[in-house]
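**Q** kindly return the folded structure for what I paste below:
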Amino acid sequence: MADKTTKAEGVVLLSGGNPQIAKGEGDAPVKAYIAAMPGWKSDIGRKLDALIEKTVPGARKAVKWNSPFYGVEGEGWFLSYHCFAKYIKLTFFRGTSLDPVPPVSSKTNETRYFHIHEGEALDERQLAAWISQASALPGERL
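**A** Next comes the predicted model:
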């Protein structure tokens, strides 16, 4: 259920504050999602996107299920993120194979999460290490 519109023209925030963005391949839908992320989350979205681009040049991008996805062409998706009311959830689809393993478990055996909360400093070195490791693993086929 939609609850409000963001400053990004015509974009509705779903319950919990996640932007409702039409699915699509490429940079444009991901940039639209990031622009529609509410408040402090948009700045984090820009930082994550830039870090992923720097760490995995040429990473494949898409928006699916109102979330940005990053992958390697022909290898599937290695990372996604999603806005919740109080944090951004990074999803590493093969997270149990990362060193160190991201801290939040999932109902899916191999998936692990990392939550980013407002005001927390991003450990870009650790995030880049996880992104690099994740991009080298077989990706999720969705």
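**Q** and the longest helix for the protein?
**A** helix 40-55 (DSSP state H).
**Q** what does that helix contact?
**A** Contact partners of helix 40-55, identified using C-beta atoms under 8 Å, 6 or more residues apart in numbering, comprise 17, 30-31, 33-37, 59, 68, 70, 79, 81, 83, 88, 90, 116, 118-119, 122, 124, 127-128, 131-132, 135. For every residue, glycine as well, the C-beta is placed using N, CA and C.
**Q** tell me which helix or strand of this protein sits lowest on mean pLDDT?
**A** strand 2-5 (a mean of 44; mean pLDDT, DSSP states H and E).
**Q** what is the spatially most central residue of the chain paired to in the beta sheet?
**A** In the chain, the residue lying closest to the centroid (C-alpha atoms, centre = their mean) is Tyr81, at 2.4 Å. As for beta bridges, Tyr81 partners with Leu90 under DSSP bridges.
**Q** need the contact list for it.
**A** Tyr81 touches 45, 48, 67-68, 88-91, counting by C-beta under 8 Å, 6+ apart.
**Q** check what pLDDT the spatially closest residue to Ile21 that is not a sequence neighbour gets.
**A** For Ile21, ignoring the flanking residues on the chain, the nearest one in space by C-beta to C-beta, 6 or more residues apart in numbering is Tyr33 at 4.6 Å. Tyr33 carries a pLDDT value of 96.
**Q** my read is that Tyr33 contacts Phe69, right?
**A** No. Using C-beta atoms under 8 Å, Tyr33 is not in contact with Phe69; the gap is 10.2 Å.
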